[in-house]
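1. I'll drop the sequence and a predicted model, then ask my questions.
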Amino acid sequence: MKLSAASEFVLKTIKESGGEAYVVGGAVRNYFLGLPAGDYDVTCSFPPEKVRDIFLEKGCRVIETGIRHGTVTVRIFKESVEITSFRSDGKYSDSRHPESVEFVRTIEKDLERRDFTVNAMCFDGVNFVDLFGGREDCEKKVIRAIGDPYLRFREDALRILRALRFASALGFEIEENTKAALFAQKWLILNLSAERVTKELKGILLGDNAKKILFDYREILAVVLPELALCFDFDQRNPYHAYDVYTHSVLTCVSTKKDFILRFAALTHDVGKPETFFVGSDAAGHFYGHEKRGAIMCECIADRLKLSSAEKKRFVSAVAFHGYPIVPGEAKIIDEGCDKYILRSLNKLGEQTVRDVLSLQLAEALSETKETATRRERLTRIAARLDLILSEKMAFTVKDLKVDGNDLKSLGYDGREIGEALNALLSAVMSDKVRNEKAELIDYLKDRDSILHH
């Protein structure tokens, strides 16, 4: 196993000082899976204060933020290496943090406290240590808790979501006893911070195996996203939807590109359907207003999971407008004649929301019945026109115009007249009545004013 320069330096330095040191966890697991190492974490036999002093003497930058729990971070060769002393955790009263940490002398005691077998292998630069069959579980593609899985999850409820994330990212199955413990203790997730939940949820949704995890472990995900539970097995009773609301949402989610906010919006875009459902005179199910209701629910989700203001805005906007017609249905052929509709959509929603809405609509079409093939083709053509419009920098906001307020002032416009004139020009440009060239815009205004004054 090839180490990074920084991790190799850390192992060598600790050994030369008389201690034991191992690279542990993800880097070792990834080595056996043939994946990039990611971060190199080190565990060692020295207490954290001694680790700090050793590397300060070597002239390294040492960050002590986790020293109380036995962790210091060494910055060397433009790389950070987290070094944790061998330890045994005391009682967990909050299903997340140990009340006390005892520093122990052996690597065996340290590995016993870890979460899953595939994460408990370590490497000292020459030899591997694998006490719990992690290498075999890597080969079998299995996530297995170390020791008693019920105890492991009671100690730290984050391990429940970590198990799902690893299974999603690596394409692993979760071992039966571990799986049973996940479901039995799923409510412990409520003890976790929103930030931790969001981080794990991101990993789950972006994994190659996300579809299987979203289906097989939906009751666990519903602990943190109870809005999804309303969608489970909810029959849409509509000829355009072959699946229940949750199945449709999952298929839409995994049909989008690997973008967390987009996938999260796809998973939750129809949470407003159960509350707005009714059967019409046509004996079909309808959900009028479900986009608006869903957006309100997603605002609550965003606040609960503490998304950033930018993430929240994008997430809620995508859900609120996921049914918005970027090009109205009366436009049968998608060509340059539809550019005015796309420009108006860009003006109303902004580029990000238009892109997200098109992505959601295309993903929805991919997850629906065969009758939506023509819709898929239509949306693909709209997306191509959108790319062309943006590449040619066509105007869809007042800021894009080749004239501004100062130009209009020089023509005698004042106060509200300036804003009204700029908006009129933008509308004319988007409708292809005038080109976005300064001289032509000014001539257009003069002609318009001449007509208005007569």
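-> Yep, that arrived.
2. now do the lengthiest helix in the chain: distance to the chain's middle.
-> Of all the elements of type helix in the chain, the one with the most residues (DSSP state H) is helix 373-391. Taking Cα atoms, centre = their mean, to the nearest Å, one finds the center of helix 373-391 at 25 Å from the center of the full chain.
3. got it, and stretch 50-65?
-> Chain-centre distance of stretch 50-65: 35 Å, with Cα atoms, centre = their mean.
4. any stretches of the stretch 51-200 of the chain with poor pLDDT?
-> For the stretch 51-200 of the chain, applying pLDDT under 70 flags the ranges 89-101.
5. and the stretch 301-450 of the chain, by the same measure?
-> Applying pLDDT under 70 to the stretch 301-450 of the chain picks out residues 367-372, 450.
6. and A365, how far is that from L267?
-> Separation of A365 from L267 (Cβ to Cβ, to the nearest Å): 17 Å. Glycine gets a C-beta too; all of them are placed from N, C-alpha and C.
7. ranges for the strands of the stretch 251-400 of the chain?
-> 278-279, 285-286 (DSSP state E, counting those that start in this stretch).
8. give me the buried stretch members for the helix or strand harbouring E420, please.
-> Assessed by DSSP states H and E, E420 sits inside helix 416-430. By 16 or more other Cβ atoms under 10 Å, the buried positions in helix 416-430 come out as 418, 421-422, 425-426, 428-430.
9. D270 contacts T247, doesn't it?
-> No: the pair D270 and T247 fails to qualify as a contact (Cβ atoms under 8 Å) at a distance of 10.7 Å.
10. compare those two (neighbour count), which wins?
-> Just comparing D270 and T247: by other Cβ atoms under 10 Å the higher neighbour count belongs to D270, 28 against 20.
11. OK, contacts around that one?
-> Residues counted as contacts of D270 (Cβ atoms under 8 Å, 6 or more residues apart in numbering) are 231, 245, 248-249, 287, 290, 294.
12. one more pass at 6 Å, please.
-> Going by Cβ atoms under 6 Å, 6 or more residues apart in numbering, D270 touches 245, 249.
13. tell me how far it lies from C253.
-> D270 sits at a distance of 11 Å from C253 (criterion: Cβ to Cβ).
14. for D208, same thing?
-> Distance of D208 to C253, computed by Cβ to Cβ: 13 Å.
15. what about the two, which has more around it?
-> Comparing D208 with C253 by other Cβ under 10 Å, the one with more neighbours is C253, at 23 against 12.
16. and that one, what pLDDT?
-> What the model reports as pLDDT for C253 is 96.
17. helices or strands up against the helix or strand that contains N177?
-> Using DSSP H and E, N177 maps to helix 176-184. Under the contact criterion of 3 or more Cβ pairs under 6 Å, 6 or more residues apart in numbering; DSSP states H and E, helix 176-184 touches helix 149-155.
18. run through who's touching the helix it packs on.
-> For helix 149-155, the external contacting residues (Cβ under 6 Å, 6+ apart) are 92, 145, 159-160, 177-178, 181, 185.
19. and if you look at stretch 289-302?
-> Residues outside stretch 289-302 that contact it (Cβ under 6 Å, 6+ apart): 227, 268, 271-273, 275-276, 312, 315-316, 319-320, 323.
20. can you dump the C-alpha coordinates of that stretch into PDB?
-> Output in PDB follows, covering the C-alpha atoms of stretch 289-302 (Å, rounded to 0.1, in the frame of the first residue of the first chain):
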ATOM      1  CA  GLY A 289     -51.500  23.000  -6.300                       C
ATOM      2  CA  HIS A 290     -49.100  20.300  -5.200                       C
ATOM      3  CA  GLU A 291     -46.100  22.300  -6.300                       C
ATOM      4  CA  LYS A 292     -47.000  25.200  -4.100                       C
ATOM      5  CA  ARG A 293     -47.800  22.900  -1.100                       C
ATOM      6  CA  GLY A 294     -44.600  20.900  -1.700                       C
ATOM      7  CA  ALA A 295     -42.500  24.100  -1.800                       C
ATOM      8  CA  ILE A 296     -43.900  25.100   1.600                       C
ATOM      9  CA  MET A 297     -43.100  21.700   3.000                       C
ATOM     10  CA  CYS A 298     -39.600  21.900   1.500                       C
ATOM     11  CA  GLU A 299     -39.000  25.200   3.200                       C
ATOM     12  CA  CYS A 300     -39.600  23.500   6.500                       C
ATOM     13  CA  ILE A 301     -37.200  20.600   5.400                       C
ATOM     14  CA  ALA A 302     -34.500  23.100   4.400                       C
END
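21. buried stuff in that stretch?
-> In stretch 289-302, counting by 16+ other Cβ under 10 Å, buried: 290-291, 293-295, 297-299, 301-302.
22. equivalent analysis for stretch 139-155, please.
-> For stretch 139-155, by 16+ other Cβ under 10 Å, it's 142-146, 149-150, 152-153, 155.
23. between these, which is nearest A194?
-> F153 (19.3 Å; Cβ to Cβ).
24. the closest one and E291, how far apart?
-> In this view, F153 and E291 are 37 Å apart by Cβ to Cβ.
25. again with Y444
-> Distance of Y444 to E291, given as Cβ to Cβ: 37 Å.
26. what of L228?
-> Plainly put, L228 is 17 Å away from E291 if you go by Cβ to Cβ.
27. cool, and R162?
-> Separation of R162 from E291 (Cβ to Cβ): 34 Å.
28. and if you look at D235?
-> Distance of D235 to E291, given as Cβ to Cβ: 20 Å.
29. ditto for D447
-> According to Cβ to Cβ, D447 stands 41 Å off from E291.
30. same question, A318
-> As judged by Cβ to Cβ, A318 and E291 stand 10 Å apart.
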